[in-house]
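Enquirer: Got a predicted model here, sequence first, then my questions.
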Protein chains: 2
Amino acid sequence: MPKRTDIHRCACTVLRQAARVATQHFDKALAASGLRISQLSVLTTLSYVGPKTINELAEVMVLDRTTLGRNLRPLQREGFIAIEAGKDDRRTKKLVLTKKGSSVALKAMDSWGDAQTSFEKAVGLENAIALSKLLRQVVKADYPEK
Amino acid sequence: MPKRTDIHRCACTVLRQAARVATQHFDKALAASGLRISQLSVLTTLSYVGPKTINELAEVMVLDRTTLGRNLRPLQREGFIAIEAGKDDRRTKKLVLTKKGSSVALKAMDSWGDAQTSFEKAVGLENAIALSKLLRQVVKADYPEK
DNA sequence: TTGACTTATGCGTATATGCACTCATTATGC
DNA sequence: GCATAATGAGTGCATATACGCATAAGTCAA
């Protein structure tokens, strides 16, 4: 079965495994806040970049726009974000962080800090720093179409 | 909003982003084979470790057992794996790679090799090697419960 | 102005992910 | 042997992910 090397060296599979492990670690730490890391990242990114359309925010977050669109649902339902119709362009929808959303995210950041610190402890601070750098390269790299 | 440092340095978020990017890269390369990287990893792991129960395979793959259970459905439907009742312990279900599954996986490995090579090219071979090593540490690390 | 093209978003479908709870079966203690 | 505990797997629920298609709205040229 193995060919080139075997799939245990698959960059993608180990990336997915690590993402699962990290997600569970962070989600557990965030549980009390009622937010998942995936949701907290939406709120904090929105806070950082300011009101944006779905397409714009999806681009920033390196996320498919249809995925982001659906991920917004729980956040809107809980009143953490508001979705306003675009003024100039009526096709667009402006995503705005509400006061409630800002407050919840701020509280969650305490737990996030704990999770980040314990992550850095678990894998080693130097390793965590090197890892983040490499991961940003993976995100930014160009993958030619065949 | 930002607290400790800001969430743009969140180890988990960048991990998830990179996993998404890599998954799309590999899934595109594998499209012709009809398999996704998530599915190919099940088949190759099963091929490597031999017949296993759901719990056992889930453990090896660092995947929740209920997730694996559901992920098996398409593979079973397509006849790539067979699920046999356990002989000794009737609670268990042995997962077996079929000839068809083995054949499909073997073909897909060509495309996987292309994807892996182009990934290594995109991020740099040295970086890819260092990254895999770090990711394995993330997977294996111990994350104490608070 | 109107027709053609582009763009922003939604929806249908399918898979991926994991928690809480349940059921069936096995193991254990007495 | 039997009551109880432990274990393997399934289900319900909710969220995450992205592709293809559809729709609405803006842009631009003739």
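Expert: Perfect, thanks for sending it. Numbering: from 1, shown residues only, chains lettered A, B, ... in the order given.
Enquirer: Please work out how many residues are found near A:Y143.
Expert: 19 (other CB atoms under 10 Å in any protein chain shown). From N, CA and C alone the C-beta is placed, and that goes for glycine too.
Enquirer: Helix or strand next in line after the lengthiest helix in chain A, which one?
Expert: Ranked by residue count and defined by DSSP state H, the top helix of chain A is helix A:99-123. Going down the chain from helix A:99-123, the next helix or strand is helix A:125-140, by DSSP states H and E.
Enquirer: That following helix vs DNA strand D: in contact?
Expert: No - if you take CB under 7 Å from any atom of the strand as the test, helix A:125-140 misses DNA strand D, and the best it gets is 11.1 Å.
Enquirer: In that helix, which residues are buried?
Expert: A:127-128, A:130-132, A:134-135, A:137-139 (16 or more other CB atoms under 10 Å in any protein chain shown).
Enquirer: Would you mind measuring from A:Y143 to A:C12?
Expert: 12 Å (CB to CB, to the nearest Å).
Enquirer: so the longest helix of chain A versus helix B:125-140, what angle?
Expert: Interaxial angle, helix A:99-123 versus helix B:125-140 (axes from the mean of the first three to the mean of the last three CA atoms, to 10 degrees): 100 degrees.
Enquirer: list the helices and strands helix A:99-123 packs on?
Expert: Helices and strands touching helix A:99-123, by 3 or more CB pairs under 8 Å, 6 or more residues apart in numbering or on different chains; DSSP states H and E, are helix A:11-30, helix A:37-49, helix A:125-140, helix B:11-30, helix B:125-140.
Enquirer: please redo it, this time with the cut-off set to 10 Å
Expert: helix A:11-30, helix A:37-49, helix A:65-77, strand A:81-85, strand A:93-97, helix A:125-140, helix B:11-30, helix B:125-140 (3 or more CB pairs under 10 Å, 6 or more residues apart in numbering or on different chains; DSSP states H and E).
Enquirer: and the angle for the second one with helix A:65-77?
Expert: Going back to what we said before, that points to helix A:37-49. Going by the same axes, to 10 degrees, helix A:37-49 makes 90 degrees with helix A:65-77.
Enquirer: same question for helix A:37-49, mean pLDDT?
Expert: Helix A:37-49 comes out with an average pLDDT of 96.
Enquirer: Would that helix count as contacting DNA strand C?
Expert: No - under the criterion of CB under 7 Å from any atom of the strand, helix A:37-49 makes no contact with DNA strand C; the nearest approach is 10.6 Å.
Enquirer: which strands and helices sit next to that helix?
Expert: Other helices and strands packing on helix A:37-49, by 3+ CB pairs under 10 Å, 6+ apart, are helix A:11-30, helix A:54-61, helix A:65-77, strand A:81-85, strand A:93-97, helix A:99-123, helix B:11-30.
Enquirer: A:T92 touches A:N55, doesn't it?
Expert: Yes - assessed by CB atoms under 10 Å, A:T92 is found in contact with A:N55 at 7.9 Å.
Enquirer: sorry, back to before: in the longest helix of chain A, what's buried?
Expert: Quick answer for helix A:99-123 (16+ other CB under 10 Å): A:101-102, A:104-106, A:108-109, A:111-112, A:115-116, A:118-120, A:122-123.
Enquirer: Could you check it against DNA strand C for contacts?
Expert: No - using CB under 7 Å from any atom of the strand, helix A:99-123 never reaches DNA strand C; the gap is at least 13.7 Å.
Enquirer: and chain A, which of its residues are near DNA strand D?
Expert: Counting by CB under 7 Å from any atom of the strand, chain A sits next to DNA strand D at A:36, A:38-39, A:63-64, A:66-67, A:70-71, A:73-74, A:77, A:89-91.
Enquirer: closest to B:Q17 among these?
Expert: Of all the residues of chain A next to DNA strand D, B:Q17 sits closest to A:L63, with 7.8 Å by CB to CB.
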